[in-house]
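> sharing a sequence plus its predicted fold:
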Amino acid sequence: MSKLNINPLGDRIVVKPMEAEEKTKGGIILPDTAKEKPVEGSIMAAGPGRKSDDGKIVEMEVKVGDKVLYGKYSGTEVTIDGEEYLIMRESDIFAIV
């Protein structure tokens, strides 16, 4: 079901953020404090979906492997096996790229 040893619950997903740009287009190297927070990443794990009011599971629109755009400050940062990930709700996803 997932590539990680984690299974998100409900409509939550685990996203691996893309690396922040190290240089500007002009070639200037950016320090860590000046780097933009990434808003694009890959889905590494996904829950089964949210429960509707009548108790049925509403399946997720996204799946493991999708590249997605999300809000700049979305999700909760977690470290799993030394790697940084974000756990967020499917509703925090803006688009599949």
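Received the coordinates, thanks. Residues are numbered from 1 along each chain as shown.
> mind listing the helices for this structure?
When secondary structure is read from DSSP state H, the chain shows no helices.
> check contacts around residue 12.
By Cβ atoms under 8 Å, 6 or more residues apart in numbering, residue 12 lies in contact with 46-47, 87-90. (Glycine included, C-beta is placed from N, CA and C.)
> dump those residues into a markdown table; add distance to residue 77, pLDDT and neighbour count as well.
As requested, the contacts of residue 12 are exported to a markdown table (distance: Cβ to Cβ, whole Å; pLDDT from 0 to 100; neighbours: other Cβ atoms under 10 Å):
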| residue | distance to residue 77 | pLDDT | neighbour count |
| --- | --- | --- | --- |
| 46 | 18 | 94 | 24 |
| 47 | 18 | 93 | 20 |
| 87 | 8 | 96 | 20 |
| 88 | 10 | 96 | 21 |
| 89 | 15 | 95 | 15 |
| 90 | 18 | 94 | 20 |
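> between those, which is closest to residue 66?
Checking those against residue 66 by Cβ to Cβ gives residue 46 as the nearest, at 8.8 Å.
> what residues are bridge-paired with that closest one?
residue 13 (DSSP bridges).
> just confirm it contacts residue 61, I think it does.
No. Residue 46 is beyond contact range of residue 61, at 9.9 Å (criterion: Cβ atoms under 8 Å).
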